[in-house]
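Peer 1: mind folding the following:
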Amino acid sequence: MGNLFRNAIEKKKQYYIHQLISSGHYQKSDQHLYQLTLSELEHFYKLLQASNKANR
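Peer 2: You can find the predicted model right below:
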């Protein structure tokens, strides 16, 4: 069960990292993204989404 939960968190983190890099605000070589927690990545992702909505 622990591995399943750990894998789910890791997949979610990879999703957010991919989205942040795809947005152009971060570069793939930006190692600090890979050190962030899931909560921190979600926070930056939500900020990005809010910014995108405001710019429409």
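
Peer 1: show me what counts as buried in the helix or strand where A8 lies.
Peer 2: In this structure, A8 sits in helix 2-22 according to DSSP states H and E. Of the residues in helix 2-22, 13, 16-17, 19-20 count as buried by neighbour count, 16 or more other CB atoms under 10 Å. In this view, the C-beta of every residue, glycine as well, is placed from N, C-alpha and C.

Peer 1: can you pull the contacts of the residue nearest to I9 when sequence neighbours are not counted?
Peer 2: Distance criterion CB to CB, 6 or more residues apart in numbering; nearest residue to I9, sequence neighbours excluded, is L38 at 5.6 Å. Contact analysis of L38 by CB atoms under 8 Å, 6 or more residues apart in numbering lists 9, 12-13, 16.

Peer 1: how does it look with 10 Å?
Peer 2: L38 sits next to 8-10, 12-13, 16 when contact means CB atoms under 10 Å, 6 or more residues apart in numbering.

Peer 1: quickly name whichever of those residues is closest to F44.
Peer 2: Among those, Y16 lies closest to F44 (CB to CB), at 7.5 Å.

Peer 1: just give the closest residue to that closest one, not the sequence neighbours.
Peer 2: Nearest residue to Y16, sequence neighbours excluded (CB to CB, 6+ apart): L41, at 3.9 Å.
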